[in-house]
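Engineer: show me the folded form of this:
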Amino acid sequence: ELPTRRERFDELALAIVTSVDRRWQDQLGLVEYAVEDAPQLPDDWETDQVPLSSLVRGSGATPTRLVLFRRPIEHRAETRADLEALVLTVVVEQVAELLGIDPERVDPRYEPDEGD
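Structural biologist: Here you go, the predicted structure:
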């Protein structure tokens, strides 16, 4: 039985999150990672740019929560390699944001998106 798109995405996201989180666990503290199909956007959302992820910083005992939005990410990726690169980019940029460092330092595989 072949995995569904969602299962494949979850597997890919988990692999990337695990490798990044393992390197930065000490500095990151408690982070919950999740995949949701699509963001719940407010009705007055103005821009065409659908977010690919959301980051809610934790405080005290509440973990930071990083959510990847599967459908907008899949929508922007044409191939499996695109998908991997995009998930990596999204995770790395959010972790860099949390740590206050350059994404290039977070993961050597990270390549900034040239143009867009």
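Engineer: which residues does the spatially closest residue to D10 that is not a sequence neighbour contact?
Structural biologist: Leaving aside its chain neighbours, D10 sits nearest to V35 (5.6 Å; criterion: CB to CB, 6 or more residues apart in numbering). C-betas here are computed from N, CA, C, even on glycine. Contacts here follow CB atoms under 8 Å, 6 or more residues apart in numbering; on that basis V35 touches 9-10, 13, 67-70.
Engineer: hang on, V35 in a strand?
Structural biologist: Yes - counting by DSSP: H, G, I helix; E, B strand; the rest coil, one finds V35 located in a strand.
Engineer: check the most centrally placed residue in the chain and give its pLDDT.
Structural biologist: Compute the mean C-alpha point of the chain, and by CA atoms, centre = their mean the closest residue is V91, 3.4 Å away. Looking at V91, its pLDDT stands at 97.
Engineer: wait, it touches V17, no?
Structural biologist: Yes - in this structure, V91 is within contact of V17 by CB atoms under 8 Å, at 5.8 Å.
Engineer: what do those two both touch?
Structural biologist: Joint contacts of V91 and V17 (CB under 8 Å, 6+ apart) are L66.
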